[in-house]
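>>> Requesting a structural model of the entry that follows:
(chains A and B)
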There are 2 protein chains.
Amino acid sequence: MIQIVAVDLGGTNIRVAYFPTPEPPPTMHNKLLTHASEGPEAVIARIIEAIHAVLPTERDDLRIGVGSPGPIDPYRGVCLKAVNLPGWVNIPLQARLQEHFAYPVVVGNDANVAALGEWRFGAGKGISNLIYLTISTGIGGGIIVDGQLLLGAQGLGAELGHMTVEPGGPICSCGLLGHLEAVAAGPALARQATTLIEAGRPSILAQRLAVTDHLTGKDIGEAAQSGDALACEIIERAGEIIGRYLADLAHAFNPQAFVLGGGVSQLGPLLFEPIERSLHAHVMDPAYLKDLRVVPAALGDDAGLIGAMVLASQ
Amino acid sequence: MIQIVAVDLGGTNIRVAYFPTPEPPPTMHNKLLTHASEGPEAVIARIIEAIHAVLPTERDDLRIGVGSPGPIDPYRGVCLKAVNLPGWVNIPLQARLQEHFAYPVVVGNDANVAALGEWRFGAGKGISNLIYLTISTGIGGGIIVDGQLLLGAQGLGAELGHMTVEPGGPICSCGLLGHLEAVAAGPALARQATTLIEAGRPSILAQRLAVTDHLTGKDIGEAAQSGDALACEIIERAGEIIGRYLADLAHAFNPQAFVLGGGVSQLGPLLFEPIERSLHAHVMDPAYLKDLRVVPAALGDDAGLIGAMVLASQ
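Residues are numbered from 1 along each chain as shown, chains lettered A, B, ... in the order given. Here you go, the predicted structure:
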């Protein structure tokens, strides 16, 4: 019988859970602070300790699955780099954990792993071709093709936040211009609002900007939900761009579902309506829309943990 | 022993070949005019006749593979529509051929099938993740992920000519704006040259335009190869856009090769150099370039026929 310890490594928290069978819910669940500033060695020691704390006494076919931020070499289980984890460059996480545990360890990119979770137990259940996007501070992706995670030659695929949607547009976290992340992630929305307010457009956000000198994606979302015209306009425009982008992806992948997770995707109809409208306007043939759903992610913060379990169960 | 009859259905020619084993070269090979204007029934009758002409007398595990233009439902073998074949709307080609032959018939989209050919026996041999683009009058694609053709839920995937590279840009054959096909296929290059010449830019193409009132992609290619500055500039710009687009695809698919076929791709370094330069400039991490090759297709006009053979052999 397969038993799984799943680990969700994040910039703020490490979450660990024990699944006595390869399905949710877990019977044990720990959450501890990552203390990322202490560096990779301290974080790895903390992960090992947290795994020990949930290990069952009776062990049959026990496996350990880990979702980790940033580009990963999933074939060797190496974290190539992680923006939110200082010092994480070429860290052989799988090998380091394997030194401590006699059970198979597998490591995947956190967005890829979340896609696996949503595919098997969340909003994409029962679907064999889906695309998962997580839209928050950055934009990550996961692609399921015929029931398999698309990894690519070196496991670097599905970086769906880094495709050009506005050539020559705003600079992206990766240094290139006009990527989806640079136009539609939380910080991009905040930047757009700041620019417009500084140009004199009225908004309830103006006061907040004057006080804090800084807006967040969350601020824009809250302002839009309370009816602020400027915030609504920014979110509608982001939805239009995301929708056109999903149409492009539909032409390439012809999926049955787009599953949208992350903070920005919690905006509900404010975001999903312009996305749907723009997707419909930008597919080259209505056949692409047949049985195609655009749905919010269903697993919330648990997608990574459940996905790490799915990864290890495969 | 698998024996295969392969059919490459085009707007101008039907090509049929017999492969006594699932590898090139074929031992028999027929080419006849499609006479597409006579409509689907006449064309199907012609295909059936051409298949009969190459059928071997000794038949073991005989199969028939067909590559057909336009969007296909490869799961049911239905040609949904084909721009170059008048009247081809929802034609159940597989079923129609199956009525006449007791051997398994399989039908695939021509660009997908050409990708299979290049992957197994052409420029992508030995590679498990590749993207094939055919750039001529239109732009078609084929995607191999982990040694499998990516078809998508309804088999409509890999329409790589129809992803947005210039939002709000020129109108595409599909009616949408700014798709790769509308910017970098042959007719797009001809249109760009015409506009610039009409605006007074000098070019050896000006005389040709004055005489024929019409330029083709081939004209631009020939002018560029003879050193015409305007034609070179147009091809360089197309290469830059294609290169950036390939970088976007690298982020999504992380392939080991981009195989470029079709007329435009025969321009050699004139096109491939700006593509390589732009690809290098637009990947978010050099890791994507590791072992990544951009290569011209190797099978030429035979890609479709060999690919249809590969399709049937699977």
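>>> Residue in the stretch 51-200 of chain A with the shortest distance to chain B?
Going by Cβ to the nearest Cβ, chain B is nearest to residue A:152 of the stretch 51-200 of chain A, at 2.4 Å. (C-beta placed from N, C-alpha, C; glycine too.)
>>> try the stretch 201-314 of chain A
Taking Cβ to the nearest Cβ, chain B has its nearest neighbour within the stretch 201-314 of chain A at residue A:254, 2.5 Å off.
>>> OK, contacts around that residue?
Applying Cβ atoms under 8 Å, 6 or more residues apart in numbering or on different chains to residue A:254 gives the contacts A:129, A:288, B:151, B:152, B:153, B:154, B:155, B:156, B:157.
>>> circling back: can you tell me the helix or strand for the residue of the stretch 51-200 of chain A closest to chain B?
Using DSSP states H and E, residue A:152 maps to neither a helix nor a strand.
>>> Pull the number of nearby residues for it.
22 (other Cβ atoms under 10 Å in any protein chain shown).
>>> Can you pull the phi/psi pair for it?
Per-residue torsions, residue A:152: phi 90, psi 170 (degrees, to the nearest 10).
>>> was I right about it contacting residue B:129?
Yes - using Cβ atoms under 8 Å, residue A:152 is in contact with residue B:129, at 5.8 Å.
>>> which residues are in contact with both of these two?
Common neighbours of residue A:152 and residue B:129 (Cβ under 8 Å, 6+ apart) are B:145, B:253, B:254, B:255.
>>> Drop anything exposed from these.
Burial by neighbour count, 16 or more other Cβ atoms under 10 Å in any protein chain shown: within those this picks out B:145, B:253, B:254, B:255.
>>> Restricted to strands, list the residues you listed.
residue B:145 (DSSP state E).
>>> With pLDDT and distance to residue A:133 added, can I get the buried ones among the shared contacts of residue A:152 and residue B:129 in a markdown table?
Formatted as a markdown table, these follow (pLDDT from 0 to 100; distance: Cβ to Cβ, whole Å):
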| residue | pLDDT | distance to residue A:133 |
| --- | --- | --- |
| B:145 | 98 | 19 |
| B:253 | 98 | 16 |
| B:254 | 98 | 17 |
| B:255 | 98 | 21 |
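>>> farthest pair in the buried ones among the shared contacts of residue A:152 and residue B:129?
Greatest spatial distance in these: B:145 and B:254, 9.8 Å, computed using Cβ to Cβ.
>>> what sits in contact with each of the two?
A:152, B:129.
>>> Can you give me the buried ones in stretch A:208-216?
A:208, A:209, A:215, A:216.
>>> could you give the mean pLDDT of the helix or strand harbouring residue A:117?
Assigned by DSSP H and E, residue A:117 falls within helix A:110-121. Helix A:110-121 carries an average pLDDT of 97.
>>> how's chain A carved up into domains?
For chain A, automatic domain parsing gives the domain ranges A:2-110+A:302-313, A:123-297.
>>> Quick one: end-to-end length of the first one, please.
To tie it back to what came earlier, the one meant is domain A:2-110+A:302-313. Domain A:2-110+A:302-313 has its terminal residues 7 Å apart, counting by Cα to Cα, to the nearest Å.
>>> how distant is it from the center of its chain?
Relative to its chain's centre, domain A:2-110+A:302-313 lies at 16 Å (Cα atoms, centre = their mean, to the nearest Å).
>>> Equivalent analysis for the last one, please.
Averaged C-alpha coordinates place domain A:123-297 at 12 Å from its chain's average position (Cα atoms, centre = their mean).
>>> end-to-end on it?
End-to-end for domain A:123-297, by Cα to Cα: 5 Å.
>>> I'd like to check which residues are in contact with residue A:172.
Residue A:172 touches A:162, A:178, A:179, A:181, A:182, B:284, counting by Cβ under 8 Å, 6+ apart.
>>> what about 10 Å?
Under the criterion of Cβ atoms under 10 Å, 6 or more residues apart in numbering or on different chains, the neighbours of residue A:172 are A:138-139, A:161-162, A:164, A:178-183, A:185, A:188, B:284.
>>> now do residue A:246
Residue A:246 neighbours (Cβ under 10 Å, 6+ apart): A:131, A:133, A:160, A:253, A:255, A:258, A:260, A:275-276, A:278-279, A:282-283, A:288, A:292, A:294.
>>> mind redoing it with 8 Å?
A:131, A:258, A:275, A:278, A:279, A:294.
>>> now the strands for the stretch 151-300 of chain A?
Taking DSSP state E, counting those that start in this stretch as the test, the strands found in the stretch 151-300 of chain A are A:257-261, A:293-296.
>>> Contacts made by the longest one with the rest, please.
Outside of strand A:257-261, the residues within contact range by Cβ under 8 Å, 6+ apart are A:114-115, A:118-119, A:122-124, A:127, A:129-135, A:246, A:249, A:272, A:275, A:292-297, A:299-300, A:303.
>>> who does that strand pair up with?
Taking DSSP bridges as the criterion, strand A:257-261 forms sheet pairs with strand A:130-135 (parallel), strand A:293-296 (parallel).
>>> Switch the domains of chain A over to CSV; also include distance to residue B:104.
Converted to CSV, the domains of chain A look like this (distance: least, Cβ to Cβ, whole Å):
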stretch, distance to residue B:104
domain A:2-110+A:302-313, 35
domain A:123-297, 21
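>>> Could you say which one of the ones you listed comes nearest to residue B:12?
Taking the domains of chain A one by one with Cβ to Cβ, domain A:123-297 is closest: 24.1 Å.
>>> Quick check: residues of the stretch 51-200 of chain A near chain B?
A:71, A:80, A:128-129, A:141, A:143, A:145-146, A:148, A:150-160, A:162-167, A:172, A:174-176 (Cβ under 8 Å from any Cβ of the partner chain).
>>> coming back round to it: now, the shared contacts of residue A:152 and residue B:129 that are in helices?
The helices, defined by DSSP state H, take in residue B:253 from the shared contacts of residue A:152 and residue B:129.
>>> Closest to residue A:23 out of the shared contacts of residue A:152 and residue B:129?
Using Cβ to Cβ, the shared contacts of residue A:152 and residue B:129 come closest to residue A:23 at residue B:145, 27.1 Å.
>>> what kind of secondary structure is residue A:64 in?
strand (DSSP: H, G, I helix; E, B strand; the rest coil).
>>> just to revisit the earlier point, please identify which pair of the contacts of residue A:254 lies farthest apart.
A:288 and B:151 (13.2 Å).
>>> what about the domains of chain A, which gets the closest to residue B:229?
When the domains of chain A are compared (using Cβ to Cβ), the closest one is domain A:123-297, at 24.0 Å.
>>> What is the burial count for the closest residue to residue A:248 other than its chain neighbours?
Taking Cβ to Cβ, 6 or more residues apart in numbering or on different chains, and ignoring the residues beside it in sequence, residue A:248 has residue B:163 as its nearest neighbour in space, at 4.1 Å. Neighbourhood size, residue B:163 [other Cβ under 10 Å]: 25.
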